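Participant: Next input, structure requested:
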Amino acid sequence: MLLAVACGVSVANVYYAQPLLGRIGAGLHVGAGQLGLVTTVTQAGYLLGLILIVPLGDLADRRRLIVTQGLVAAAGLVMAGSATSTAVFFAASAVVGLACVVVQVIVAYAAALSVPGRRGAVVGSVTSGVVVGILLARTASGLIADLLGWRAVYFTSAGLMLALALALGLLLPPDTVRKQPASYPALIGSAVTLTARDRTFRVRSLIALFMFGGFGAVWGSIALPLAAAPWHLSAGQTGLFGIVGVAGALGASQAGRLADRGRAQWVTGACLLLLIASWAATRAAPYSLPLLAAGILALDFAGQALHVTSQQLIVAANPAASSRIIGSYMTFYSVGTGGGAIAATSLYSHAGWGAVSALGAGLSVMALLVWAADRLRPDTHPQQDTPPSSKGVIRDHALP
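Facilitator: Next up is the predicted model:
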């Protein structure tokens, strides 16, 4: 639970600014044309952190790395909250994005210290915190800003990050997983080498790319049809759909337990079909809010179940390299989410919500085709359908 909370609070820092851009612009006297750079700079820092920092978990002590990143994130948040110039605020946003990849270090830490028969369940529980943090960040920041101003959002989060860093430093068990000899340049090139050499990683990462492309499409543009006729919903009302998404994501936390029992491929196929079907309901955004809510519930349920299952599978073969594996996998997530959001907003302005829904459904179909093509190959590895063995896992201080 502590790791799940730490993940949720940390990843939320990447998304707090999105509903506050107007207030930030007024406070820093930034023009509307520059406001988009706030999100861009933060996401760029996050992507850079996935490449440069997360793989360090396979060389350094993960517990110390987690605490250090938490402290750096707190410092960046204080810097952002007290910024009086655009340059300082942008620099602080980049630092926050860079440090908040602590989320992936935490997930890798949890996966590496878990006993094989419980790894999927542990990863599912911890990543539920990630999804809750992403979906509720915008709602929380809007409420705090309404009461205390936009700077209070950053100061409040800085306090939370500092408290979490101290708690994690005191309560986390030692990182007892043996490190595999590797150079730092080799680690930061892991996304390329794993994609080229590891079939399971390649398949699961491509599924993530398309799946999170659809996720980015819906969450990056859903405010547009809801703000238009006939709904004219406010930002706060639109944010309530995040609660629906949280319900779906939390419901999918059991997917890790099914993966632990050798049902990972069954979960994958069923969830990919549900993901495609969810877009038929999400398409109803311009004329039916209940159908939209049902579509978002199904989409977030399927997406989280796939995400948990994929991480369980890619880490199972080599838990000692979990940091570089998960960091590399998440680069596909980052590219997919960002690309989906950009494509969706552009499509909406030219062709409306129907085109966005078609994009999401098409990306989901692509993910299904990647999975089906892999399953139809005659040399599909049978161990992908069976519970992972305990070979090579250090059980001391294992997470239950």
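Participant: With residue 89 as the reference, measure out to residue 147.
Facilitator: Distance, residue 147 to residue 89, using C-beta to C-beta, to the nearest Å: 21 Å. Yep, even glycine has a C-beta here, placed from its N, CA and C like the rest.
Participant: Then residue 71?
Facilitator: Residue 71 sits 20 Å away from residue 89, going by C-beta to C-beta.
Participant: count of neighbours near the nearest residue to residue 140 once chain neighbours are set aside?
Facilitator: Nearest-residue entry for residue 140: residue 12, 7.0 Å, with adjacent residues in sequence omitted and distances by C-beta to C-beta, 6 or more residues apart in numbering. Residues within reach of residue 12, counting by other C-beta atoms under 10 Å, total 25.
Participant: I'd say residue 12 and residue 136 touch.
Facilitator: Yes: counting by C-beta atoms under 8 Å, residue 12 touches residue 136, with 7.1 Å between them.
Participant: Residue 71 and residue 89: who's more crowded?
Facilitator: More neighbours surround residue 89 than the other of residue 71 and residue 89, with 24 against 18 (other C-beta under 10 Å).
Participant: and that one, what is it in contact with?
Facilitator: Residues in contact with residue 89, defined by C-beta atoms under 8 Å, 6 or more residues apart in numbering, are 24, 28, 38, 80, 83.
Participant: So which of those residues belong to strands?
Facilitator: Assigned to strands by DSSP state E, none of the contacts of residue 89 qualify.
Participant: Would you mind checking these for buried ones?
Facilitator: 24, 28, 38, 80, 83 (16 or more other C-beta atoms under 10 Å).
Participant: just curious, which of those residues is nearest to residue 99?
Facilitator: Nearest to residue 99 among these is residue 80, at 11.6 Å by C-beta to C-beta.
Participant: Report the separation between that closest one and residue 74.
Facilitator: Using C-beta to C-beta, residue 80 is found at 11 Å from residue 74.
Participant: Likewise for residue 61?
Facilitator: 20 Å.
Participant: hey, where'd the helices end up in the stretch 1-150 of the chain?
Facilitator: For the stretch 1-150 of the chain, applying DSSP state H, counting those that start in this stretch gives helices covering 2-12, 21-28, 32-52, 62-81, 86-99, 102-113, 119-148, 150-171.
Participant: With the stretch 251-400 of the chain instead?
Facilitator: Using DSSP H, counting those that start in this stretch, helices in the stretch 251-400 of the chain cover 255-260, 264-282, 289-316, 322-351, 353-376.
Participant: For residue 164, give its distance to residue 110.
Facilitator: 15 Å.
Participant: what about the stretch 251-400 of the chain, any weak spots by pLDDT?
Facilitator: In the prediction, the stretch 251-400 of the chain carries residues with pLDDT under 70 at positions 252-253, 379-400.
Participant: Recalculate using a threshold of 90.
Facilitator: 251-264, 300, 304, 307-308, 311-312, 315-324, 326-327, 330-331, 333-350, 376-400 (pLDDT under 90).
Participant: thinking again about what came up before, who are the neighbours in contact with the residue nearest to residue 140?
Facilitator: 133-134, 136-137, 140, 157.
Participant: ok, now with 10 Å
Facilitator: Residues near residue 12 by C-beta atoms under 10 Å, 6 or more residues apart in numbering: 100, 103, 129-130, 132-138, 140-141, 153, 157, 160.
Participant: before we move on, what about residue 171?
Facilitator: Contacts of residue 171 (C-beta under 10 Å, 6+ apart): 2-3, 63.
Participant: Are any of these buried, and if so which?
Facilitator: Using 16+ other C-beta under 10 Å, the buried ones in the contacts of residue 171 are 3, 63.
Participant: hang on, the earlier thing: tell me the least confident of the contacts of residue 89?
Facilitator: Ranked by pLDDT, the contacts of residue 89 bottom out at residue 38 (74).
Participant: show me what contacts it?
Facilitator: 17-18, 20-21, 24-25, 28, 30, 80, 86, 89-90, 93.
Participant: wait, which of those is closest to residue 280?
Facilitator: residue 18 (27.4 Å).
Participant: before we move on, the earlier item: need the contacts of residue 89 in a markdown table (columns: distance to residue 242).
Facilitator: Shown next, in a markdown table, are those (distance: C-beta to C-beta, whole Å):
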| residue | distance to residue 242 |
| --- | --- |
| 24 | 20 |
| 28 | 26 |
| 38 | 20 |
| 80 | 22 |
| 83 | 27 |
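Participant: and which of those is nearest residue 269?
Facilitator: Closest approach between the contacts of residue 89 and residue 269, by C-beta to C-beta: residue 38, at 39.4 Å.
Participant: list the buried ones in stretch 4-24?
Facilitator: So, applying 16+ other C-beta under 10 Å, buried residues of stretch 4-24: 4-21, 23-24.
Participant: Show the end-to-end separation of it, please.
Facilitator: 29 Å (C-alpha to C-alpha, to the nearest Å).
Participant: Near the closest residue to residue 269 other than its chain neighbours, how many residues? Count them for me, please.
Facilitator: Nearest residue to residue 269 in three dimensions, chain neighbours excluded: residue 371, at 6.8 Å (C-beta to C-beta, 6+ apart). Residues lying near residue 371 (other C-beta under 10 Å) number 21.
Participant: give the contact list for residue 371.
Facilitator: Counted by C-beta under 10 Å, 6+ apart, residue 371 has contacts 203-204, 206-207, 210, 265, 268-269, 271-272, 306.
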